[in-house]
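J.: Based on what follows, work out the 3D shape:
(one chain, ligands or ions: 1)
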Amino acid sequence: MTLHKNLIGGRDVPASDGAVLDVLSPADGQLFARIPSGTAEDIDAAVKAARAAFEGAWSKLTATERGRLLIKLAAAVEADADHLAALESRDNGKPLRQSRADVTALARYFEYYGTAADKLHGEVIPYLNTHFIGVERVPHGVTGHIIPWNYPMQIFGRSVGAALAGGNATVVKPAEDASLTILRIGALAREVGFPDGALNIVTGLGRTAGAALTAHPGIDFISFTGSPETGTMVQTAAAKNHVGVTLELGGKSAQVVFDDADLERALPSLVNAIIQNGGQTCSAGSRLLIQRGIFKDVVDAVAERFRTLRAGHPEREPDLGPMVNQAQQRRVEKYLERAKNEGLTVAAAGGIASDAPSGGYYVAPTFFAPVAHESVLSQEEVFGPVLVATPFDDEAEAIRLANGTAYGLAAGVWTRDAMRSTRVGRAMRVGQVFVNCYGAGGGVELPFGGFGRSGHGREKGFEGLVEFTTTRTLVIAHG
Ligand code: NAD
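T.: Next up, the predicted model:
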């Protein structure tokens, strides 16, 4: 049994009161590690260590030197890929191939932000002829990062990678259900030579360690990825300290399938977008909006595929792994029960692999069709392998339904009509629109974020680097 430690000021330390949290494997429910249950005191020590780095060794580096460290970290992550992937699958339950994809993305984030660090230019503004105006991009200072359990490595890469590239010193609170790869990244960062305190990691519960981090007056900017409910608490805490916050929250993303769509191309994507990571993806394509003339054909084809899907042990490359924990499994099961009690029609259900360990948190993927747009399953984020399909008649109705939830994170549009794809794509009130493709979250290079209940601010891409900086304007009189 491994007992992990926090990373504070370059040192591995237990929680200030010695408390620990059990780490259970979602595949079989068995205890296999322990992590510190971080306290407000630990957070305070981490913020102080970050401040010392920000005012000391870390700020002495040039942007190029910071970038080089991130590029070294990318190489270290790649060299450690097998270990990181196995650790993630054990901790979080995702199939190994998904964990490997997460490691690749993590290394790519470090590479992207490492190479971008010295390309973030300020500007010179024309003003009075007697003055020179320079606007430089400067770090916020000490940034706090709260990470969820569904894609810990990717979300660490995009938020902490960008913050470090921008010159901030960081304090990270990973999710209690998936902290192990984050702690491993911390160890790798130390090995490649990040100065003590530039990256601090405190594991623990959201309501204690997380809340202490977001409320800490020494934090200058907060990046939060997680549920809308916690996002409200985080933004409230940030408001009390008058600091900015990026909120990357949930979604109820629609895939709109017009009657001229290339269905052969669309079908695997329609299914994968809700099965990837067991549907525990903020930008999961959880709603299918299908033009009425092809509704039955598309539902039948999706149903056929759904019946073959099996949730199984992450190391056996199943279609999907278990849910991350028992609470998440129960949450999804409750939605399924409620939908059935409301009389919604199950178009198809997959199953649980016969060799899946009995103590694991498995859920059979389920597809409901037709489902009314107003139904709970069409409106609320289930965060599991549950798909609904709703018919629409014309373009206007498709846009109204796609935009008709409180969320606004991503959308898919399937049509062969180029004019329509642009028109409908541009009508979507979301941060990313995919036309004739669907890549949950998109690539490292692409700005990502939401409208409404999906949050605000943008991470990923160059825009994500800008997000972790602010400006200082120098007004120089010379005549
Ligand atoms: P969550 O809100 O329960 O937890 C997220 C993080 O917040 C965890 O680290 C948790 O410990 C911490 N936390 C909990 N309470 C806190 C508090 N009071 N103060 C500070 N921190 C606190 O979310 P989750 O269940 O881990 O993740 C699922 C949610 O995250 C879904 O809604 C999903 O859509 C969303 N998500 C969004 C994105 C995105 O980029 N938009 C990406 C991944 C996940």
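
J.: for the stretch 51-200 of the chain, what are the low-confidence residue spans?
T.: Judged by pLDDT under 70, the stretch 51-200 of the chain has no weakly predicted residues.

J.: All the helices of it, residue numbers only.
T.: 57-60, 63-79, 81-92, 96-116, 152-165, 180-192 (DSSP state H, counting those that start in this stretch).

J.: how far out from the middle of the chain is the second one?
T.: Helix 63-79 has its C-alpha centroid displaced from the chain centroid by 22 Å (C-alpha atoms, centre = their mean, to the nearest Å).

J.: That helix - contacts with which helices or strands?
T.: If you count contacts as 3 or more C-beta pairs under 8 Å, 6 or more residues apart in numbering; DSSP states H and E, helix 63-79 packs onto helix 96-116, helix 152-165, helix 180-192. Glycine gets a C-beta too; all of them are placed from N, C-alpha and C.

J.: Name the residues of this protein found near the ligand, please.
T.: 146-151, 173, 175-176, 206-207, 210-211, 214, 225-227, 230, 233-234, 248-251, 282, 381, 383, 409, 455 (C-beta under 6 Å from any ligand atom).

J.: if we go to 5 Å?
T.: Proximity of the chain to the ligand, by C-beta under 5 Å from any ligand atom, involves residues 146, 148-150, 175, 206, 210-211, 214, 225-227, 230, 233, 248, 250, 282.

J.: Quick one: buried ones out of those?
T.: Buried subset of the residues of the chain next to the ligand (neighbour count, 16 or more other C-beta atoms under 10 Å): 146, 148-150, 175, 206, 210-211, 214, 225-227, 230, 233, 248, 250, 282.

J.: Among these, which lie within helices?
T.: Counted as lying in helices by DSSP state H, out of these, are 211, 214, 230, 233.

J.: which one of the residues you listed is nearest the ligand?
T.: The shortest approach to the ligand among these belongs to Thr230, at 3.2 Å (C-beta to the nearest ligand atom).

J.: residues contacting the closest one?
T.: 146, 206, 210, 224 (C-beta atoms under 8 Å, 6 or more residues apart in numbering).

J.: pLDDT at the second one, what is it?
T.: Spelled out, that is Gly206. Per-residue pLDDT puts Gly206 at 98.

J.: how about the nearest residue to it, chain neighbours excluded?
T.: Nearest non-adjacent residue to Gly206, counting by C-beta to C-beta, 6 or more residues apart in numbering: Thr230, 6.4 Å away.

J.: again, but for the first one
T.: With C-beta to C-beta, 6+ apart as the criterion, Ile146 has its nearest non-adjacent residue at 4.7 Å, and that residue is Phe224.

J.: ok, the residue nearest to Asp102 when sequence neighbours are not counted - how many residues close by?
T.: Spatially, and ignoring its direct neighbours in sequence, Asp102 is nearest to Met153 (4.4 Å; C-beta to C-beta, 6+ apart). Counted with other C-beta atoms under 10 Å, the neighbours of Met153 add up to 28.

J.: returning to that earlier point: can you lay out the helices of the stretch 51-200 of the chain as a markdown table showing distance to Asp22?
T.: Listed next are the helices of the stretch 51-200 of the chain as a markdown table, based on distance: least, C-beta to C-beta, whole Å:
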| stretch | distance to Asp22 |
| --- | --- |
| helix 57-60 | 34 |
| helix 63-79 | 27 |
| helix 81-92 | 12 |
| helix 96-116 | 21 |
| helix 152-165 | 18 |
| helix 180-192 | 13 |
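
J.: nearest to Arg429, of these?
T.: For Arg429, the closest of the helices of the stretch 51-200 of the chain is helix 152-165, at 22.3 Å, according to C-beta to C-beta.

J.: any idea which of the helices of the stretch 51-200 of the chain is most buried?
T.: Using mean count of other C-beta atoms under 10 Å, the stretch among the helices of the stretch 51-200 of the chain with the largest mean neighbour count is helix 152-165, at a mean of 28.

J.: name the helices or strands packed onto that one?
T.: Using 3+ C-beta pairs under 8 Å, 6+ apart, helix 152-165 is in contact with helix 63-79, helix 81-92, helix 96-116, strand 142-146, strand 169-173, helix 180-192, strand 221-225, helix 461-467.

J.: again, only this time at 6 Å
T.: helix 96-116, strand 142-146, strand 169-173, helix 180-192, helix 461-467 (3 or more C-beta pairs under 6 Å, 6 or more residues apart in numbering; DSSP states H and E).

J.: what angle do the fourth one and helix 96-116 make?
T.: Going by axes from the mean of the first three to the mean of the last three C-alpha atoms, to 10 degrees, helix 180-192 is angled at 40 degrees with respect to helix 96-116.

J.: got the CA coordinates for helix 180-192 in PDB?
T.: The C-alpha trace of helix 180-192 is given here as PDB (Å, rounded to 0.1, in the frame of the first residue of the first chain):
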ATOM      1  CA  LEU A 180      -2.100  10.100  -8.000                       C
ATOM      2  CA  THR A 181      -1.000  11.100 -11.500                       C
ATOM      3  CA  ILE A 182      -0.900  14.800 -10.400                       C
ATOM      4  CA  LEU A 183       1.400  13.900  -7.500                       C
ATOM      5  CA  ARG A 184       3.600  12.000 -10.000                       C
ATOM      6  CA  ILE A 185       3.800  15.000 -12.300                       C
ATOM      7  CA  GLY A 186       4.900  17.000  -9.200                       C
ATOM      8  CA  ALA A 187       7.700  14.600  -8.600                       C
ATOM      9  CA  LEU A 188       8.700  14.800 -12.300                       C
ATOM     10  CA  ALA A 189       8.700  18.600 -12.200                       C
ATOM     11  CA  ARG A 190      11.100  18.500  -9.300                       C
ATOM     12  CA  GLU A 191      13.400  16.100 -11.100                       C
ATOM     13  CA  VAL A 192      13.600  18.300 -14.200                       C
END
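
J.: what sits against the residue of the stretch 251-400 of the chain found nearest the ligand?
T.: Among all residues of the stretch 251-400 of the chain, Cys282 sits closest to the ligand, at 3.1 Å; criterion: C-beta to the nearest ligand atom. The neighbours of Cys282, taking C-beta atoms under 6 Å, 6 or more residues apart in numbering as the test, are 250-251.

J.: do that again at 10 Å, thanks
T.: By C-beta atoms under 10 Å, 6 or more residues apart in numbering, the contact list for Cys282 reads 148, 150-151, 155, 225-227, 248-251, 253, 381, 383, 407, 409-410, 440-441, 448, 450, 454-455.

J.: measure it to Met428 for me?
T.: 16 Å (C-beta to C-beta, to the nearest Å).

J.: Tell me where the stretch 351-479 of the chain is predicted with low confidence.
T.: For the stretch 351-479 of the chain, the stretches with pLDDT under 70 are 440-442.

J.: Repeat the analysis, applying 50 as the threshold.
T.: Along the stretch 351-479 of the chain, no part satisfies pLDDT under 50.

J.: What ranges does it have for its strands?
T.: Per DSSP state E, counting those that start in this stretch, the stretch 351-479 of the chain carries strands over the ranges 351-352, 366-368, 386-392, 410-414, 432-435, 455-456, 469-477.
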